[in-house]
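> Please find the sequence and the predicted model below.
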Amino acid sequence: MMPAIPLSVLDLSPIKQGSDARAALQESLDLARHVEALGYRRYWMAEHHNMPGIASAATAVAIAHVAGGTHSIRVGAGGIMLPNHAPLVVAEQFGTLASLFPDRIDLGVGRAPGTDPRTALALRRTGNAENFPQDVQALLAYLDDPAPDQAVRAIPGAGTKVPVWILGSSHFGAQLAAALGLPYAFASHFAPDDLSFAVQLYRQQFRPSRWLEKPYVMLGLNACLADTDADARLLFTSVQQAVVNLRSGQPGPLPPPLPGYEDRLEPRQAAMVGHVLRCAIVGGPDSAAAALSDFIAAHRPDELMVTSQIFDAAARRKSYGILAAIHAPGG
């Protein structure tokens, strides 16, 4: 029997071939309503820029769209790339969200730009990744109760105490989350190399804080479930194609499933795709249940953040439904 671990959703709001951002954002809202009814804990959206296949670049706006169309599920960022923004602006944005949707907003922050170098410059960033620890502490201060003599305040934002998570894919984020006593979300769904080491480091070095008494780890996991293993493998070819396109310097809209795609890959490409997406459960209910149990046993997460880059919206909703049937999302 699998341990009672909550399930959450990471949505990149995929723009599909032949479709557009408007449809992608509507499908995100439809999916959020669906997983809310199934009992999933959170629904997070991610900041990426200049990506033809991702509609959530204006992440706080996309979060407002989803939160306004749902009732109880926590909605948040997974995450905001903090070097792209002044901490005060992020505090104001998420303070506004917290004012509109009390006790429902999460804020995950990362130190990568979430884009290519040219686009990063076009964002007119004033900070850089080296300042990430200081920016996180400034953000926490803006969201906390203001000091009586505090000259600059986030309004809205001050006193909302929006929960802040550190996102990462290396030991840097793990150590920072541990030092600050914050929850840690590891991006194992696309960067699994340091998974075991980073999680171990975080748990070993964690210092209890006013925000968190003991370490809390959420792991990213790709999931593509269907009625049969063959159907799931076919659906999974969409994200496999997307990974190859991205790593080839040709990112584009999410492609439809392609029968026989894995067999067509060159050995080098097949190895790369298998490596990047190795934290994945793909199959029918029985196969998926076994893979999920193995992943949980190997890494002992406190929560799983599931992402499903599936081309057909109905098939994507069905995948989350099958997952909920084999593992209660509420934990």
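Yes, it's here. Numbering: from 1, shown residues only.
> low-confidence ranges in the stretch 101-250 of the chain?
113-115, 124-129 (pLDDT under 70).
> same thing but 80
Under the criterion pLDDT under 80, the flagged ranges of the stretch 101-250 of the chain are 112-129.
> so which helix or strand takes in residue 242?
helix 229-247 (DSSP states H and E).
> Report the buried residues of that helix.
229, 231-245 (16 or more other Cβ atoms under 10 Å). From N, CA and C alone the C-beta is placed, and that goes for glycine too.
> buried residues in the helix or strand just after it?
The element immediately downstream of helix 229-247 (helix or strand, assigned by DSSP H and E) is helix 261-264. The neighbour-count check on helix 261-264 (16+ other Cβ under 10 Å) flags 261-262 as buried.
> List of residues touching helix 261-264?
Helix 261-264 is contacted by residues 233, 237, 240-241, 270 when judged by Cβ atoms under 8 Å, 6 or more residues apart in numbering.
> Make a markdown table out of the residues you listed and add distance to residue 323.
Listed next are the contacts of helix 261-264 as a markdown table, based on distance: Cβ to Cβ, whole Å:
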| residue | distance to residue 323 |
| --- | --- |
| 233 | 16 |
| 237 | 19 |
| 240 | 19 |
| 241 | 22 |
| 270 | 26 |
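> Residue 74: which of these is nearest?
Comparing the contacts of helix 261-264 against residue 74 with Cβ to Cβ picks out residue 240 as the nearest, at 30.1 Å.
> Just to check, that closest one is in contact with residue 273?
Yes: the criterion here is Cβ atoms under 8 Å, and residue 240 meets it with residue 273 at 5.2 Å.
> sec struct for the residue of the chain most remote from its centre, please.
The outermost residue of the chain relative to its centre, with distances by Cα atoms, centre = their mean, is residue 149 at 36.6 Å. Following DSSP: H, G, I helix; E, B strand; the rest coil, the label given to residue 149 is coil.
> Now it. Its backbone dihedrals?
phi -100, psi 20 (degrees, to the nearest 10).
> Residue 289 versus that one, what's the distance?
Residue 149 sits 57 Å away from residue 289, going by Cβ to Cβ, to the nearest Å.
> Also residue 140?
39 Å.
> Mind jotting down where the helices sit in this protein?
21-38, 59-68, 87-100, 117-122, 132-143, 171-180, 195-205, 229-247, 261-264, 267-276, 285-299, 313-326 (DSSP state H).
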